[in-house]
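**Student:** Below is the structure, and that's it, no one-letter string:
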Ligand code: FAD
Ligand code: SIN
C-alpha cells in the first residue's frame, strides 16, 4: 500500500466503523482497518432493532426516563439527553442512506421491548435489523472513493507520544507482517468483549481488543464490571447460543419453566418486560429452583403469521434445528451479550488521549450505566459517531511523522511459549462464565483474579491473530474481574451474593488507567 498516512484511521467495520467512515470521508481521507472481512461484526446479528422516540405518544423525555431507569443510577444524564434528543435525526440519516426499515400503515413500524414504556423500536427485515444496516452501510463504503479498506488486518497498538495519538500498528494476517499507519484522528470502533464468556450471543470477533489497546496506550477504562447477560439465548444441544430477541417478549412471548409454569410474575410485576438484568436473574433463579439448565419461551398463543413475518430469522433458525416455534416451546438460557463498560469518552467520543476517539460498544459514553436499555446500542453508535466527526474535523492538520517500513516484513514468527491457544481460550471462557457470570461472589472472583494474574505473566509475544486476541482477552478479563471485586454491592447487571443490595456509597464509577 503506497499511502500510509490518512486524515482518519477507523479500527473496525461494524455499524460504528462504517457509519463513522461515511461521515469522515466528507472531511478527508479515511482508512478502515478490520481484523476479518468487512462484514464480520456483532452488528449484523442485531435482531430487535434500534430505539428512537418517534412514535405517537412518545418523546425524548420519555425515552430519557426509561434509559435512566434501566441504567440503575449510573447513567450519565447529559449523555442520555444527547442520545434521546438526537436519535430522530440519526434515523433520518439511516433512511437517507437506504436502510429499509419495516413499515406498517404507510409509516415506520415500531415494536416494544422490555423496559420501554411505549413501542419505539424500529426494525428491518423483521428480526434482521443489523444485517440490513450492515449491508446498506458496507455498500455505501465500497462505493466511496475516499475510503481505503484493509481487511484481515488486526490493530495491535496505538502509537502515542506525549499523550497524543499518532498512528497505529496493525498485523496483516495475510502476509504475517506488522504495518504502521499514521493519522491525527484514530477512531476505535472495535466492538465489545462477549467472547470472554463460554456462553455468549456474540460472534468470534468480540474479543475486547479495542479496550486492551486503549488501556495499553494509557486511555481510561471504565465500568468493566457491567456485562449484560441476555436472558434468552437458544439452548439446542451442541449448538452455540443463538439470540431469541427481546422483541419476541415485546410481542407477547411468555417465559415458562421446565414444568410449564410462567415464572416471571413471581419475581417482578413487569414480568417478561422487566429490565434485562432482572429477567436474566429471575431466569437463573428459576433454573436453579427447578434443577434445569434452561427455561422456555412460549409463542404458541401468537398468530402464526405474526411469528413468521416479525421473526423470520428466529423462525428459520429453529425450524432448521427441528423446532416449529408456532407449535413448540423454545429452550433458552442467559448468555453474555453486551459490554456496558469500555473506553471512557466524553460527549464527543474523545478519550483522555488527544486524537484518540472511541465509539460503539468499545466505548463507554455513560449512556447505559449499569444496565443497557434494549436497542439503545445501535442508536448510541449513530449519535456519538456523528459527534466524533464534528469534533475531529478540528484535528485536520496534515498527519505528522512518516510511517516506518513494515516493522518486520513478512517475517513469520512462531509461538515459542508452548501455550496451547485454543485450550487456554476455552479455559478462560469457562473461568469467566463460572466466576464472573450472572451471579458473582468474592470467593469466586478472588479465584479468577489469581488465575488470570498467573496466566498474564506467562503470555509471550503474539505471533498470529488468535494469539493477539488471547492476550487481549486475558487483559480485559482481568480488568473485568478486578472491577467486579472492587464493587461491593449489587447494581444493574453486576450481582454479588455477598453484597446482594445496591449501596448509596457505590453510586460512582470504577476507572482503570495504566500508569506504565
Ligand atoms: P461490532 O459490530 O462488533 O464491530 C466491531 C468491528 O471491529 C468488527 O468489524 C471487528 O472485526 C473489528 N475489530 C475488533 N477488533 C479489531 C482489531 N484489533 N483490529 C481491527 N478490527 C477489529 N443492539 C441494539 O441496539 N439492538 C439490537 O437489536 C441488538 N441486537 C443484538 C443481537 C445480537 C445477537 C448481538 C450480539 C448484539 C445485539 N445488539 C443490539 C448490540 C449491537 O449489535 C452491538 O452493540 C453493535 O452492533 C456494536 O457495533 P460496533 O460497530 O461497536 O461493533
Ligand atoms: C434483542 O433483540 O433482544 C437484542 C436487543 C439489544 O441487545 O438491544
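**Tutor:** Structure received. Worth saying up front: this structure is predicted, and the values here are computed from it rather than measured. Ligands and ions are numbered 1, 2, ... in the order given.

**Student:** Can you get me a residue count around whichever residue of the stretch 201-350 of the chain sits closest to ligand 1?
**Tutor:** At 3.4 Å from ligand 1, residue 209 is the closest residue in the stretch 201-350 of the chain, using CB to the nearest ligand atom. To be clear about C-beta, it is placed using only N, CA and C from the backbone, and glycine gets the same treatment. By the criterion of other CB atoms under 10 Å, residue 209 has 28 neighbours.

**Student:** And for the one 10 residues further on?
**Tutor:** As a burial measure, the neighbour count of residue 219 was computed by other CB under 10 Å and equals 27.

**Student:** Tell me the pLDDT of it.
**Tutor:** We have a pLDDT of 98 for residue 219.

**Student:** Could you work out the end-to-end span of stretch 504-512 for me?
**Tutor:** Start-to-end span of stretch 504-512 (CA to CA, to the nearest Å) is 21 Å.

**Student:** ranges for the helices of this structure?
**Tutor:** With helices called from DSSP state H, the chain shows them at 15-24, 60-70, 77-97, 129-142, 209-217, 246-250, 264-267, 276-290, 304-310, 312-320, 376-392, 421-436, 442-458, 465-486.

**Student:** what's the most buried one of those?
**Tutor:** helix 15-24 (a mean of 28; mean count of other CB atoms under 10 Å).

**Student:** touching ligand 1 at all, that one?
**Tutor:** Yes. Helix 15-24 is in contact with ligand 1 by CB under 6 Å from any ligand atom, via 15, 16, 17.

**Student:** would you list these in a markdown table and tack on pLDDT and distance to ligand 2?
**Tutor:** A markdown table is the format used below for the residues of helix 15-24 next to ligand 1 (pLDDT from 0 to 100; distance: CB to the nearest ligand atom, whole Å):
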| residue | pLDDT | distance to ligand 2 |
| --- | --- | --- |
| 15 | 98 | 12 |
| 16 | 98 | 15 |
| 17 | 98 | 19 |
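
**Student:** What is the nearest of the residues you listed to residue 219?
**Tutor:** residue 16 (16.3 Å; CB to CB).

**Student:** Residue 381 is in contact with the closest one, correct?
**Tutor:** Yes. Residue 16 is within contact range of residue 381, at 4.6 Å (criterion: CB atoms under 8 Å).

**Student:** Give me the common contacts of these two.
**Tutor:** Shared contacts of residue 16 and residue 381 (CB atoms under 8 Å, 6 or more residues apart in numbering): 359, 360, 361.

**Student:** show me the contacts for the second one.
**Tutor:** If you count contacts by CB under 8 Å, 6+ apart, residue 360 has them with 12, 14, 15, 16, 17, 189, 190, 191, 377, 380, 381, 385.

**Student:** again, 6 Å this time
**Tutor:** Residues counted as contacts of residue 360 (CB atoms under 6 Å, 6 or more residues apart in numbering) are 16, 189, 381.

**Student:** Next: residue 395.
**Tutor:** Neighbours of residue 395 in contact, by CB under 6 Å, 6+ apart: 184, 185, 355.

**Student:** On the pLDDT front, check it for me.
**Tutor:** So residue 395 comes in at 73 (pLDDT).

**Student:** same deal with residue 418?
**Tutor:** 81.

**Student:** cool, and residue 407?
**Tutor:** Residue 407 carries a pLDDT value of 65.

**Student:** try residue 235
**Tutor:** You'll see residue 235 listed with a pLDDT of 89.

**Student:** Count the neighbours of it for me.
**Tutor:** 19.

**Student:** Could you check how far residue 462 is from residue 503?
**Tutor:** Noted for residue 462: a distance of 40 Å to residue 503, by CB to CB, to the nearest Å.

**Student:** residues near the residue lying closest to residue 236 once chain neighbours are set aside, how many?
**Tutor:** Of all residues not flanking residue 236 in the chain, residue 321 sits nearest, at 4.9 Å (CB to CB, 6 or more residues apart in numbering). Residue 321 has 13 neighbours, counted by other CB under 10 Å.

**Student:** same check, this time on residue 439
**Tutor:** 17.

**Student:** ok, so what distance separates it from ligand 1?
**Tutor:** The span separating residue 439 from ligand 1 equals 22 Å under the rule CB to the nearest ligand atom, to the nearest Å.

**Student:** For the stretch 351-500 of the chain, what lies in contact range of ligand 1?
**Tutor:** Looking at ligand 1, the residues of the stretch 351-500 of the chain close enough under CB under 6 Å from any ligand atom are 360, 361, 375, 376, 377, 378, 381.

**Student:** now the stretch 1-150 of the chain, which segments are flagged as low pLDDT?
**Tutor:** 1-2 (pLDDT under 70).

**Student:** Run through who's touching stretch 164-176.
**Tutor:** Defining contact as CB under 6 Å, 6+ apart, one finds that stretch 164-176 is touched by 9, 33, 152-159, 178-183, 186, 353-356, 410, 412, 465.
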